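1. Dropping a prediction and its sequence here:
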Amino acid sequence: MIKLIIDTDPGVDDAMAILYAAAHPKLELIGLTSVFGNVPVATATRNALWLAELARLGIPVAEGAAVPLEQPLRPHPDFVHGIEGFGHLPPVTPSQQPDPRSAAQFLSETCAASPGEVTICAIGPLSNLAAALALDPAIVRNAAQVVVMGGALETPGNVNEHAEANIWNDPDAAAKVFAADWPVTLVGLDITEVVHCGPDDFARVARNAPVIGGFLNDAVQFYFDFHRARHDIDGCHMHDPTAVITLTDPGLFEYREAPVQVTLDGETAGRTSFGGDCPAARVAMGVEAQSVLAEFLDTIGQADTALGLRQS
Ligand code: BDR
Ligand code: CA
């Protein structure tokens, strides 16, 4: 089992990624850390707490950065994920409180407690990981690896032609994470926009897993509307779950080992490109999209049973 912390800004596709990880037998989800991005950080924390409760995980949720390291906070994309983060759904109301530690402290202490065993998967802006590196440089040895959903190497961005949202929201943090001497896998738009899920797929998982699949099917409808309007597809891109699936099914991807650099300012701020003098990252550049989709749908379709939310 891979011990996993997900750093997240939930977010519709973040919810898909977290619930996939919660239900998957190869993953032990041991904590969540929240960050601004799709929603303000307080909303991200609230949503992460609620997802952990929905899946009855009993894991800590530590709140992280409210703003980027250097640049001003960009507007939250409520037209993509809804004002509350889960599409049209009303605000969720978790009963638990966040962990008293900051996200950076939680990441640092959890990795130090089990050196070499904890994978961090970041599916929001990289501000918390940069803060953890500043707080505790030894985290580069204590973390097993870092998987990042972010970037667009040889494909256009999604906030503008240059930049992908997670990197654009905090390019300075991304540059620090790529410069650090730890194993980084980068899962960007080059492959996440190749993996599409459609209305029929989510309707089926809602029937098979009424609690987890039903929630995702409700939340995703607004996300579908955005994709119909912006991308002209009847469905949605599977950004964040695809990053987690590189952990459970690494053979479904082709990787290029190369350094990745980030443009820090100017018109192309947030652009990621091959080159520079960072340690080489493992960049996912090819994907068996249908197999990734099948893996996601199978796992979510069985999630209620896997999580003990109903009798099999
Ligand atoms: C990334 O940005 C967010 O909108 C999504 O949750 C995902 O993490 C895709 O560019
Ligand atoms: Ca996200």
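-> Arrived safely. Residues are numbered from 1 along each chain as shown. Ligands and ions are numbered 1, 2, ... in the order given.
2. Residue 37: what secondary structure?
-> coil (DSSP: H, G, I helix; E, B strand; the rest coil).
3. Spit out the contact partners of it.
-> For residue 37, the contact set (CB atoms under 8 Å, 6 or more residues apart in numbering) comprises 9, 11, 44, 76, 124, 125, 165, 166, 169. Just so you know, the C-beta spots here come from the backbone N, C-alpha and C atoms, and that holds for glycine as well.
4. and these, which of them are in helices?
-> Here DSSP state H is the test, and the contacts of residue 37 give 44, 165, 166, 169 as lying in helices.
5. filter these down to the ones close to ligand 1.
-> Intersecting those with the contacts of ligand 1 gives 165, 166 (criterion: CB under 6 Å from any ligand atom).
6. Looking at the ones in helices among the contacts of residue 37, which two lie furthest apart in space?
-> Using CB to CB, the pair of the ones in helices among the contacts of residue 37 lying farthest apart is 44 and 165, separated by 13.9 Å.
7. Pick out whichever of the two has more residues nearby.
-> Shown here are residue 44 and residue 165; by other CB atoms under 10 Å, residue 44 has more neighbours (30 against 24).
8. Start and end of stretch 64-80, how far apart?
-> One end of stretch 64-80 to the other measures 22 Å (CA to CA, to the nearest Å).
9. what about it, near ligand 2?
-> No: against ligand 2, stretch 64-80 shows no contacts by CB under 5 Å from the ion, the least distance being 10.0 Å.
10. Run the chain-centre distance for that stretch.
-> Centroid displacement of stretch 64-80 relative to its chain, using CA atoms, centre = their mean, to the nearest Å, is 15 Å.
11. For that stretch, which outside residues touch it?
-> Contact with stretch 64-80 is made by 7, 12, 33-42, 102-104, 125, 127-128, 130-131, 165, 168-173, 176, 223, 226, 265, 269, as judged by CB under 8 Å, 6+ apart.
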